[in-house]
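*Asks:* just to be clear, the model below is a prediction. Sequence and coordinates:
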Amino acid sequence: MKANVLSVLAGLGACMTLGIAPATGASSSAADYPSRPIRLVVPVSAGGGTDIVARYIGQQLTEGWGQHVVVDNRAGAGGSIGASIVAESAPDGHTILLGSVGHITFTPALFRKLPYDPQGFTPITLAAQQPFVLAAHSSFPPKSVRELIGLAKSRPGKVNYGSGGNGGASHLGIELLQMLAGISMVHVPYKGTGPGMTALVSGEIPMLLVGVATVLPHVKRGSIRPLAVSGSTRSQALPNVPTIAEAGVPDYAFDVWYGMLFPPKTPAAIVNKANAAIVAMLKSAETAKRFASLGLEPLHSTPQEFAALIAREIPKWRKVVAAAKIKTN
């Protein structure tokens, strides 16, 4: 597992087991697992980072397991529609949720009532991460995070930033920055990352927090300036760009991760068998090469480490949503 997410798990893994059931009575079913096609539920529409990760993993597992892994896109309600399907499925290992940090740890803060418990799923493993970039239009005066903070403090409520939508990663990542840096900027939400990037490139908005794969071509052309990356460590794609923590906000860390989870109460024997197969695939050179071409980085964990990360991040994002006074359904 990559050090940038492992760092937030230190001391938590062994004691957090969120939904991981004991192996008693499960050995016979695990021996035959998987015994039929697997449904891999993706709680977003086709084409985004979550979907890309799911389709690659699904293809690899189909070849490795000899059973078809069928990707089922069930978008809507911040990912809760797809997550609900998995939460209500039989705990036999043949339905898997591939969710992101947003679907698992944002939703408890954004929605007053959920039809499932985000901490009730049975974690399998983290699967990938996508470095996000605090990207500024080339005409935007600040050339660093410190300069941005200075400008925002001198002009409270006057500096705009864009996002791909209210309550999404590009929104909450900057709200976390505002909370920690003590600044107040104006949120301009767009209907997706694509429209947000169009607005950034045209200069309609001065700044956007966005995935490295999306912004990298514009950085290379010089039309967009990367101020910092959001994760705990620097991005492999932009090694000379500091993290936001390095650039002046020491407590800031926003790792955009994707992970795989079974329904609640899935037997540990099945969980461990799936974890071993998926982690072996994630460690392969082929996966590293494929993910790099997509602006992603492979990530893996034990079920307990993944559970610990979820337990740590849910209250973190509750604080961010409360501080930002984000209104949701």
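*Replies:* Now that the structure is in, tell me what you want to look at. Numbering: from 1, shown residues only.

*Asks:* do a quick rundown of the strands in this structure.
*Replies:* Along the chain, counting by DSSP state E, strands occupy 38-42, 69-73, 95-100, 122-129, 132-137, 160-163, 186-189, 207-211, 224-229, 257-262, 297-298.

*Asks:* how far off strand 38-42 does the second one point, in degrees?
*Replies:* Angular relation of strand 69-73 and strand 38-42 on a 0 to 180 degree scale: 30 degrees, by axes from the mean of the first three to the mean of the last three C-alpha atoms, to 10 degrees.

*Asks:* re the thing from before, who wins for proximity to residue 247 among the strands of the chain?
*Replies:* Within the strands of the chain, the stretch nearest residue 247 is strand 224-229; the backing value is 4.5 Å (C-beta to C-beta). To be clear about C-beta, it is placed using only N, CA and C from the backbone, and glycine gets the same treatment.

*Asks:* just give the number of residues close to residue 36.
*Replies:* A count of nearby residues for residue 36, using other C-beta atoms under 10 Å, gives 11.

*Asks:* before we move on, back to that, which of the strands of the chain has the lowest average pLDDT?
*Replies:* Among those, strand 297-298 carries the lowest mean pLDDT, at a mean of 92.

*Asks:* all helices for the stretch 1-150 of the chain, in order.
*Replies:* For the stretch 1-150 of the chain, helices defined by DSSP state H, counting those that start in this stretch occupy the ranges 3-6, 27-31, 49-65, 80-87, 101, 107-110, 145-154.

*Asks:* convert the lengthiest helix in the chain to PDB, retaining C-alpha atoms only.
*Replies:* Longest among the helix segments of the chain by residue count, using DSSP state H, is helix 303-324. Taking Å, rounded to 0.1, in the frame of the first residue of the first chain, the C-alpha atoms of helix 303-324 are listed here in PDB:
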ATOM      1  CA  PRO A 303      -9.500  -5.100   5.000                       C
ATOM      2  CA  GLN A 304      -8.700  -3.800   8.500                       C
ATOM      3  CA  GLU A 305      -6.600  -1.000   7.200                       C
ATOM      4  CA  PHE A 306      -9.300   0.100   4.800                       C
ATOM      5  CA  ALA A 307     -11.900  -0.100   7.600                       C
ATOM      6  CA  ALA A 308      -9.700   2.100   9.700                       C
ATOM      7  CA  LEU A 309      -9.400   4.700   7.000                       C
ATOM      8  CA  ILE A 310     -13.100   4.900   6.600                       C
ATOM      9  CA  ALA A 311     -13.600   5.300  10.300                       C
ATOM     10  CA  ARG A 312     -11.100   8.100  10.400                       C
ATOM     11  CA  GLU A 313     -12.400  10.000   7.400                       C
ATOM     12  CA  ILE A 314     -16.100  10.100   8.100                       C
ATOM     13  CA  PRO A 315     -15.800  12.500  11.100                       C
ATOM     14  CA  LYS A 316     -13.200  14.500   9.200                       C
ATOM     15  CA  TRP A 317     -15.600  15.300   6.400                       C
ATOM     16  CA  ARG A 318     -18.400  15.900   8.800                       C
ATOM     17  CA  LYS A 319     -16.400  18.800  10.200                       C
ATOM     18  CA  VAL A 320     -15.600  20.200   6.800                       C
ATOM     19  CA  VAL A 321     -19.300  20.000   5.700                       C
ATOM     20  CA  ALA A 322     -20.400  21.600   8.900                       C
ATOM     21  CA  ALA A 323     -17.800  24.400   8.700                       C
ATOM     22  CA  ALA A 324     -18.700  25.200   5.100                       C
END
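
*Asks:* list the buried ones in it?
*Replies:* 303-311, 313-314, 317, 320-321, 324 (16 or more other C-beta atoms under 10 Å).

*Asks:* and those residues, which is closest to residue 257?
*Replies:* Of all the buried residues of helix 303-324, residue 257 sits closest to residue 309, with 7.7 Å by C-beta to C-beta.

*Asks:* rewinding a little: looking at the strands of the chain, which is closest to residue 143?
*Replies:* strand 224-229 (6.9 Å).
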